[in-house]
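**Q** Sequence and computational prediction follow.
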Amino acid sequence: MRYKVVKTLIKKELLDVIRDKKAVIMMLIVPLVIYPLIFFGTMAVMSAIQTGMEQNEYKIVIEQYGDNEWYDELVTAIDDHNNTATDDSKNETGKTDQIKVVRSGEEWDYDKGCKALQAEEIDAYVRLSSLDSDGRPRYQIVYVSSITNSSYAADILKGIMNKVNRAESERLIREKGMEPELILSPIVIDSQDIASKEQTTGNLLGMVLPMLLIISLLMGTMYPAIDTTAGEKERGTLETLLTLPVTNREIIIGKFFTVAVIGIVSALLNLLSMALMGVYMIKLIGGLGITTEAVKLGKFLPAIAVTILAVLVFSLFISAITMCIAAFAKSYKEANNYITPMTLVVMLTGYIAFIPNIELDRKMALVPVANICLLIKNILNFKYEMEIVALVLLSNIIYAILAVLFLGRVYNSEGILFDEGRSGIQLFEKRSNMKKGGVPTTGDAWFLVCIVFMAVIYIGSLLQLKWGFGGVAGIQLMILLIPLLFVIYTKRSVKETYSFKKPTVTVFFGGVLLVFGTLFLGILLTVFTSMLFPADAETASEGIDTTLSGHGFLITLFVVALMPAICEEMMFRGFIFSAFRKKYKITAAILLVAVLFGVYHMSVVRFFTTALLGAALAITVYYSGSIFPAMLMHFCNNGVAVLQMFYPEFFINHVPILGEEKLSISSAIILFLLGTVLAAAGILLLRRNHRGKEV
């Protein structure tokens, strides 16, 4: 790679981005303005609300029952509240904010009071609901929580009535000749907060700062990422760039570092703006003892250094991801639509810093976005674990490299860069304009993945909650019927989409060898992932046992083995795989289907095993040209699991290696060698009978 060429390309891309004044304003100017506006605007709104609530006149009705002495005491306490200036009733100018409570001694009933509350004619209503067996009156404060004034008035009344209650308790105790304080508070409880001012400040920043930083990085990288990819397609300048004497790798590196640099500059400006507002906020809350003089800012220097480093590596990651997504779009508008779901995911993940008791362990250190948020939160709370810090930074760098490599594959594919009409969603076209035959587009496939996954999560969960084992069968029917109806409606070829072709006996035999090889390798993967995520493994195992328990062997075999073999194969290796094969290279298509198959099973522990099986099944369909061997493989894989669940003694006696609770090193080696040999033999048989024509 020629570094001078890359440097020139970076300059060219930077100039292209800077020429767009709107983009510059959004990326660079807005960060310096938006936070002060948000801060002062929020302060102004909160002040206005508080002032308005303090200056309101709250209308309160109190029921009176004959000569009830509590009524008089409560009225007196309300008068005292209105006429006594307390620290809480003083506004910022030092003047007393009188809270005028309008009360009525007239006879009210409960229905009349409730109607008046709903009509906002009064704000609260106090009634004597009953008398206890010992003669104590039980008062009830009736209010409407959805009405601010009513809720605020109820809070005032609760405070007043608690004071009356306390005063009455003290009076009764004194009549008995005892000291009220010793009786009501026999134990003196004090608390001591040993957190330093730096820890208190860091805890506050640790909840807010990560969320703001990732959003600012996302916003800073999104516009240049779209401009350097989809924007260049829309302007028609990409073709010119590709004709220059530069390699695709140099183009990608130039674009990538341009986006990353702008994202970093934008994030640092956001950080500077937030720091200035933070200093100002500390001065405002000086009354709490947290001041710029009390807080030793020097203690935050290591945290600031690690935070800046985290910002740098996250900028690399988010730049690469946004570019990968935007590269599939044909226009600026389409790219925005593609990136919107990712924006929502990133923003929702950023809220993890607000959730208590979520620790940054080795598992969380590998989760994108969440690991950066938790790292910044830990660092600002002075929790330094260098191993975890290194793991978070390294994982983000690796993810960025993988994304850049994927981007390189995109730029090497003319079918993706210059869309050939195979990526649109045909469902939104007029049916009369649809042509018969062919397979779904990649747009159809991705759209259907979203629809089916949402249906499984929401509708499938309800089905399982209501019908349990029957809900599992309902989920399988959903993932069969939704794609099938899609194919029929869009006039696609059912035979071509689902690869309905008669295979040879040799192909079936090769598929069986491959599935058993994959099964043995999958056991090793499951053991390894269970060691990394023991809690998830136990939860997944308990969930499966709970769902499948209490049913016979044949019905379980039908629902767990036969139905997925048909329904899931027609969804993943039929609809989705046929669409991906038409646009992506075969390796990319197989990997994408494998990943989606792993994600579909919604388990960290089972992801790698199911993804491996998904890849093996896709390879079988590709080499055989038929989906039927994949269905047989899928049935065999799930069928073995059902047999092992119903007849564990058989496996312990005849296949002891599969019945071991803890896999020994020798057993692991045997499984690896056996799985590798069987899988390789299966692939060789499939390739020998390869009818690798596009399906």
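**A** Great, that's in hand.

**Q** Now do the phi/psi pair for R138.
**A** Dihedral angles of R138 (phi, psi; degrees, to the nearest 10) stand at phi -110, psi 110.

**Q** Tell me how many other residues crowd it.
**A** Neighbours of R138 under the rule other Cβ atoms under 10 Å: 10. Glycine gets a C-beta too; all of them are placed from N, C-alpha and C.

**Q** From Y71, how far off is it?
**A** Per Cβ to Cβ, to the nearest Å, R138 is found 14 Å from Y71.

**Q** Check A400 too.
**A** For A400, the distance to Y71 equals 72 Å [Cβ to Cβ].

**Q** same thing with L613?
**A** Relative to Y71, L613 is positioned 75 Å away (Cβ to Cβ).

**Q** Neighbour count for the two, which is higher?
**A** Neighbours were counted for L613 and for Y71 using other Cβ under 10 Å; L613 has more, 26 against 20.

**Q** So I62 sits against V75, correct?
**A** Yes: judged on Cβ atoms under 8 Å, I62 makes contact with V75 at a distance of 7.2 Å.

**Q** who has more neighbours, those two?
**A** Between I62 and V75, counting by other Cβ under 10 Å, I62 is the more crowded of the two (23 against 15).

**Q** what sits against the residue nearest to that one when sequence neighbours are not counted?
**A** Using Cβ to Cβ, 6 or more residues apart in numbering and skipping the chain neighbours, the partner closest in space to I62 is V126 (4.4 Å). Neighbouring residues of V126 by Cβ atoms under 8 Å, 6 or more residues apart in numbering: I60, V61, I62, E63, L74, Y139, Q140, I141, V142, L157.

**Q** Tell me which of those residues fall in helices.
**A** Those of the contacts of V126 mapping onto helices are L74, L157, per DSSP state H.

**Q** Just name the closest of the contacts of V126 to A365, please.
**A** Nearest to A365 among those is I141, at 49.7 Å by Cβ to Cβ.

**Q** where does the stretch 451-600 of the chain dip in pLDDT?
**A** Low-confidence segments of the stretch 451-600 of the chain, defined by pLDDT under 70: 532-550.

**Q** any chance you could map the strands in the stretch 1-150 of the chain?
**A** Under the criterion DSSP state E, counting those that start in this stretch, the stretch 1-150 of the chain carries strands at the ranges 57-62, 100-102, 124-131, 137-142.

**Q** do the same with the stretch 501-650 of the chain
**A** Going by DSSP E, counting those that start in this stretch, the stretch 501-650 of the chain shows no strands.

**Q** Against A153, how distant is C636?
**A** Separation of C636 from A153 (Cβ to Cβ) stands at 70 Å.

**Q** With I62 instead?
**A** Using Cβ to Cβ, I62 is found at 12 Å from A153.

**Q** same check, this time on Y458
**A** Relative to A153, Y458 is positioned 40 Å away (criterion: Cβ to Cβ).

**Q** Pick out whichever of these two has more residues nearby.
**A** More crowded of Y458 and A153, by other Cβ under 10 Å: A153, with 26 against 10.

**Q** surely the more buried one meets Y143?
**A** Yes: the criterion here is Cβ under 8 Å, and A153 meets it with Y143 at 6.6 Å.

**Q** from the strands of the stretch 1-150 of the chain, which stretch is densest packed?
**A** strand 57-62 (a mean of 20; mean count of other Cβ atoms under 10 Å).

**Q** For that one, what does the pLDDT average out to?
**A** Strand 57-62 comes out with an average pLDDT of 80.

**Q** cool, stretch 333-352 as well?
**A** Averaging pLDDT along stretch 333-352 yields 81.

**Q** In a markdown table, list the strands of the stretch 1-150 of the chain along with distance to I566.
**A** As requested, the strands of the stretch 1-150 of the chain are arranged in a markdown table below (distance: least, Cβ to Cβ, whole Å):
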| stretch | distance to I566 |
| --- | --- |
| strand 57-62 | 67 |
| strand 100-102 | 71 |
| strand 124-131 | 63 |
| strand 137-142 | 60 |
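
**Q** hmm, back to that, for the contacts of V126, which one is nearest L463?
**A** Of all the contacts of V126, L463 sits closest to V142, with 41.8 Å by Cβ to Cβ.

**Q** What are the neighbouring residues in contact with the closest residue to that closest one other than its chain neighbours?
**A** Nearest non-adjacent residue to V142, counting by Cβ to Cβ, 6+ apart: Y125, 4.3 Å away. By Cβ under 8 Å, 6+ apart, Y125 lies in contact with I60, V61, I62, E63, W108, G113, C114, A116, L117, I141, V142, Y143.

**Q** mind running it again at 6 Å?
**A** Listed by Cβ atoms under 6 Å, 6 or more residues apart in numbering, the contact set of Y125 reads V61, G113, V142.

**Q** count of residues packed around the second one?
**A** Burial measure for G113: 19 neighbouring residues, criterion other Cβ under 10 Å.

**Q** Look up which residues are beta-bridged to the closest residue to it other than its chain neighbours.
**A** Using Cβ to Cβ, 6+ apart and skipping the chain neighbours, the partner closest in space to G113 is Y125 (3.8 Å). In this entry, Y125 is beta-bridged to V61, V142, by DSSP bridges.

**Q** Dump stretch 240-252 to CSV, restricted to CA.
**A** These are the backbone C-alpha positions of stretch 240-252, laid out as CSV (Å, rounded to 0.1, in the frame of the first residue of the first chain):
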residue,chain,number,x,y,z
THR,A,240,-14.2,8.3,-11.8
LEU,A,241,-12.4,7.5,-8.5
LEU,A,242,-12.3,3.8,-9.4
THR,A,243,-10.6,4.6,-12.8
LEU,A,244,-7.7,6.3,-11.1
PRO,A,245,-4.4,4.4,-10.7
VAL,A,246,-5.2,3.5,-7.1
THR,A,247,-6.2,0.2,-5.5
ASN,A,248,-9.5,-0.4,-3.8
ARG,A,249,-7.7,-1.0,-0.5
GLU,A,250,-6.1,2.5,-0.8
ILE,A,251,-9.5,4.0,-1.5
ILE,A,252,-11.1,2.3,1.5
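
**Q** which secondary element of this protein has the worst mean pLDDT?
**A** Lowest mean confidence among the helices and strands of the chain (mean pLDDT, DSSP states H and E): helix 414-417, at a mean of 56.

**Q** elements contacting the following helix or strand past that one?
**A** Tracing the chain C-terminally past helix 414-417 and defining elements by DSSP states H and E, one meets helix 442-455 next. Judged by 3 or more Cβ pairs under 6 Å, 6 or more residues apart in numbering; DSSP states H and E, the packing partners of helix 442-455 are helix 469-489, helix 577-583.

**Q** out of those helices, deepest packed?
**A** Ranked by mean neighbour count under mean count of other Cβ under 10 Å, those are led by helix 577-583, which reaches a mean of 24.
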